[in-house]
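turn this into a structure:
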Amino acid sequence: MLQATEKIWMDGKFVAWNDAKVHVLTHTLHYGTGVFEGIRCYKTDSAGSGVFRLKEHVDRLFTSAHICQMDIPFTREQVAEAILETIRVNKIEACYIRPLAFIGYGAMGIYPKENPVQLIIAVWPWGSYLGEEGVKNGIRVKISSFTRPHINATMVRSKTVANYANSLLAKREALKDGYDEAMLLDTDGYVAEGSGENVFIVRKGVIKTPPLTAILEGITRETIMQLAAERNLRVVEERFTRDELYIADEAFFTGTAAEITPIREVDNRRIGTGKPGPVTTALKAAFFDVVQGRDKKHADWLAMVKK
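Down below sits the predicted model:
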């Protein structure tokens, strides 16, 4: 269950958590054209609270909306400030942040006509998405029977509400089969991503991640690629097969919710030693140095929440 906070920002105003409601005939509820972001605010070691890569997340929200031909009725600067203000109003030091733009009440049918585009911002406490034990020791993953949608079947570069029906089915299947997470292949049979995460493998000293074809352009993904390059680790964007995943020395997921989560097993096949490897461990430490304010080189990746 969500741990409720006090207020939700809704179309420019703060409303009580329990009063943030929409009509049951809201267009996006029926047809799925909405866009959203997952963002995290971290409590740093010494400088208060900071939102990780706020600008990049807001930019991606607007990019997703543009792809879906939705005009968000606020500027990027207004949305960024509204996110910071929502954290302040709720007096919360660390949280998950969910901006959601959706097509509101009005016409029904596939074409929404003049229905308004609405925007909400909610924040709440949320720990490790895949569990503290999983982050520490790695998770078990199943190759899904569901495929990541083809690039011309939907807009894969947009973080669109409807796209996550595919992810939900894959995640549900994996959990029912006793795994922690699903891994989806693309329509050509290559490894694509998790149900809500990007994926990396380490093999023979090279870090590999799928190219930006059928996958979402992850902000944590880009962060890890940059942190790896700064440590003279070779990173390539390259397709790889499920059996190359099986024989990887290391594998891990990245994402706002998942952060850096090691993968210890795929389809009952141990990955490497079955424990988080040295590259995964080093990059996870580097990531948390950034988000907890210890990495001064990347201090600009944190938008500080000033009271």
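
okay, CA-based contacts and neighbour counts for the rest of this
Fine.

which is the succeeding secondary structure element to the helix or strand of the chain with the lowest mean pLDDT?
Lowest on mean pLDDT, DSSP states H and E among the helices and strands of the chain sits helix 132-137, with a mean of 89. Sequence order places strand 139-147 as the next helix or strand after helix 132-137, per DSSP states H and E.

now that following strand: average pLDDT?
Averaged across strand 139-147, pLDDT comes to 98.

which SSE is immediately downstream of it?
That would be, after strand 139-147 and using DSSP H and E, helix 164-176.

the helix or strand that that next one is followed by to strand 139-147, inter-axis angle?
Downstream of helix 164-176, the next assigned helix or strand under DSSP H and E is strand 181-185. Interaxial angle of strand 181-185 relative to strand 139-147 (axes from the mean of the first three to the mean of the last three C-alpha atoms, to 10 degrees): 40 degrees.

list the contacts for Tyr164?
Ser195 (C-alpha atoms under 8 Å, 6 or more residues apart in numbering).

try 7 Å this time
Going by C-alpha atoms under 7 Å, 6 or more residues apart in numbering, Tyr164 touches no other residue.

what of Gln118?
11, 101-104.

just the pLDDT for the residue with the largest distance to the centre of the chain.
Centroid-distance maximum for the chain: Ala107 at 31.1 Å, with C-alpha atoms, centre = their mean. Ala107 is assigned 96 on the pLDDT scale.

I'd like the distance between it and Gly274.
Ala107 is 53 Å from Gly274, where distance means C-alpha to C-alpha, to the nearest Å.

try Val290
Note on Val290: its distance to Gly274, by C-alpha to C-alpha, is 27 Å.

look at these two and report which has more neighbours.
Val290 (22 against 18; other C-alpha atoms under 10 Å).

ok, that one - contacts?
The contact partners of Val290, taken as C-alpha under 7 Å, 6+ apart, are His298.

and if we set it to 8 Å?
Counted by C-alpha under 8 Å, 6+ apart, Val290 has contacts 296, 298-299, 301.

among the residues you listed, who's most crowded?
Trp301 (20 neighbours).

quick one, phi psi at that one?
phi -80, psi -10 (degrees, to the nearest 10).

about what we covered before: next one: the least confident helix or strand of the chain to chain centre, how far?
Averaged C-alpha coordinates place helix 132-137 at 18 Å from its chain's average position (C-alpha atoms, centre = their mean, to the nearest Å).

quick one: buried residues of that helix?
By 16 or more other C-alpha atoms under 10 Å, the buried positions in helix 132-137 come out as 134-135.

name the residues that touch it?
Contacts for helix 132-137 (C-alpha under 8 Å, 6+ apart): 128, 260-262, 264, 275-276.

if we go to 10 Å?
128-129, 138-140, 180, 252-253, 258-264, 274-277, 281, 284 (C-alpha atoms under 10 Å, 6 or more residues apart in numbering).

any stretches of this protein with poor pLDDT?
Of all residues in the chain, none has pLDDT under 70.

Trp126 and Arg98 touch, don't they?
No. Contact criterion C-alpha atoms under 10 Å: Trp126 and Arg98 do not qualify, at 11.4 Å.

on that earlier part again, just the buried subset of the contacts of helix 132-137, please.
Counted by 16+ other C-alpha under 10 Å, these give 138-140, 180, 252-253, 258-264, 274-277, 281, 284 as buried.

quick one: which of those sit in helices?
281, 284 (DSSP state H).

all strands for the stretch 151-300 of the chain, in order.
Secondary structure of the stretch 151-300 of the chain (DSSP state E, counting those that start in this stretch): strands at 181-185, 191-194, 198-203, 206-209, 234-237, 250-255, 259-266, 269-270.

out of those strands, the one nearest Gly34 is which?
strand 250-255 (20.0 Å; C-alpha to C-alpha).

for the closest one, name the packing helices and strands.
strand 191-194, strand 198-203, strand 206-209, helix 219-230, strand 259-266, helix 278-291 (3 or more C-alpha pairs under 10 Å, 6 or more residues apart in numbering; DSSP states H and E).

fine by me, thanks again.
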